[in-house]
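S.K.: Let's see this in three dimensions:
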Amino acid sequence: MGPDQVGQILNFPTSTHRSDGHPPVRRPSDGDDPVTASPGPLDEVDRIFEGRVQGLSHGSERQARIDTENIRLRQEFSALCASTVRPAMESFLERVRVHGGGGLIEERSGVEHAGVSPRIRLWMSLSGELIGRPRRDQHPYLQLDLDVERQEVTLEAGDMWKGHGSSGPVGVWIASEITGAMVTQSLVDVLRRAAS
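M.R.: Model prediction:
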């Protein structure tokens, strides 16, 4: 076999048809650059998934920041209740009991359960201790709820006593601005309306 025959055997076919009738298989030549080859339609699949992964990553980071902030707000409200709101409610309740009334303080921190709104509420009775489960349509109350999304504390009050009075939302407070005096005055306002 001569050098020309060896060269012909090693070279890629240049004809447009193979002996089996199929088109020739294209093989890259020395001049082809796979990096600069034009993108095919399947390259879009890669871009779609790359974008999706980035979007999910950013979404996860954003949600992690929101979750961290929500936990912080819940913990802050829980600490506020322990240091300011509950002591004011307890002092008020002691004074009510001196005059023959009664009451009950209910609290839920909401720190352990993300879907539960943190709350503190004082139920009161103008005559003796509460018997059975207190009800909004029968017992005066003051309730503070943390609204995590709005980052504020909603205030709800009821002055129903012996079939008279009303109940519902009465205002909004900023958690960092709540003082014991604010809580006490709100409780006195509820008591005054219930007793009239």
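S.K.: Go through whichever helix in the chain runs longest and flag the buried ones.
M.R.: Scanning the chain for the helix with the most residues, using DSSP state H, yields helix 43-80. Within helix 43-80, the residues that count as buried by 16 or more other CB atoms under 10 Å are Asn70, Leu73, Arg74, Phe77, Ser78, Leu80. Placement of C-beta: from N, CA and C, glycine included.
S.K.: Now tabulate the residues you listed in a markdown table and tack on pLDDT and distance to Val170.
M.R.: Below are the buried residues of helix 43-80 laid out as a markdown table (pLDDT from 0 to 100; distance: CB to CB, whole Å):
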| residue | pLDDT | distance to Val170 |
| --- | --- | --- |
| Asn70 | 86 | 25 |
| Leu73 | 89 | 22 |
| Arg74 | 89 | 23 |
| Phe77 | 93 | 18 |
| Ser78 | 92 | 22 |
| Leu80 | 95 | 19 |
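S.K.: among those residues, which two are most distant?
M.R.: Within the buried residues of helix 43-80, two members stand farthest from each other by CB to CB: Asn70 and Leu80, at 15.6 Å.
S.K.: one step back: between the buried residues of helix 43-80, which sits nearest Phe49?
M.R.: Nearest to Phe49, judged by CB to CB, of these is Asn70 at 30.9 Å.
S.K.: which residues of the protein fall in strands?
M.R.: For the chain, applying DSSP state E gives strands covering 102-108, 119-125, 141-147, 152-158, 167-173.
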